[in-house]
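Participant: structural data only, the sequence is not supplied:
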């Protein structure tokens, strides 16, 4: 399968613990996005990378959240000192952007469901 | 700031009947518009997209959508719904500068009876 892969699929953690999620994008894609989706809502943008550079961060991304994309390949999203309000589906997407603005649409992974108890 | 409104939270359609899901967007320039579908516990799959040109776009699984600039709408349609179409549908808008970050609506849950 050459789609976007996210691990783990499910994570249950106690409040105050740190968690880390991983996203492996489609191999030739240079852009990688993180979104958060809470129950009954559409996905909300968190941050995105072009290659290894983090180009944009949403105001939703508090200082407890950090994302990295070393070497421009896979990405990790870490949440420190988790709170119950962090419970959500965390979606990763990737796309290919070429010079001049052409490219592909975003392809989404199946998400990581986080439950903070 | 861009925004998307999907006024219907739930819609129930009989199998074989036609379907229209509404989407209104707010964006200052020419938008990039998308419809995604999400099955329970799954990620999002792109149904179709509009960037420019013909305002009626065809997508996968027999879906189509029509861009109406005057109404700021991008409604999704299907002439005959199948039970397997039951899922949540999201409309999204992106910046006209390219394949940028997306702003999603809250979604419409389609139930097929």
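Facilitator: Here it is on my side, so go on. If you're wondering where the values come from, they're calculated on a predicted model, not measured in any experiment. Numbers count the residues shown, from 1 in each chain, chains lettered A, B, ... in the order given.

Participant: report the closest residue of chain B relative to chain A.
Facilitator: Nearest residue of chain B to chain A, counting by CB to the nearest CB: residue B:104, 3.2 Å away. From N, CA and C alone the C-beta is placed, and that goes for glycine too.

Participant: so that residue makes contact with residue A:36?
Facilitator: No. Judged on CB atoms under 8 Å, residue B:104 makes no contact with residue A:36 at a distance of 11.1 Å.

Participant: overlap in contacts of these two?
Facilitator: Between them, residue B:104 and residue A:36 share these contacting residues under CB atoms under 8 Å, 6 or more residues apart in numbering or on different chains: A:43-44.

Participant: if we can go back for a sec, show the pLDDT at the residue of chain B closest to chain A.
Facilitator: With respect to pLDDT, residue B:104 scores 95.

Participant: excluding its backbone neighbours, what's nearest it?
Facilitator: Distances taken as CB to CB, 6 or more residues apart in numbering or on different chains place residue A:42 nearest to residue B:104, at 3.2 Å, with adjacent residues excluded.

Participant: hmm, the one you found is touching residue B:109, no?
Facilitator: No. Here residue A:42 does not reach residue B:109: they are 11.8 Å apart, not a contact under CB under 8 Å.

Participant: looking at the two, which one has more neighbours?
Facilitator: When neighbours are counted by other CB atoms under 10 Å in any protein chain shown, residue A:42 and residue B:109 differ, and residue A:42 comes out ahead with 22 against 15.

Participant: need the contact list for the closest residue to residue A:18 other than its chain neighbours.
Facilitator: Sequence neighbours aside, residue A:80 is the residue nearest to residue A:18 in space, at 4.9 Å (criterion: CB to CB, 6+ apart). With contacts defined as CB under 8 Å, 6+ apart, residue A:80 is in contact with A:18, A:64-66.
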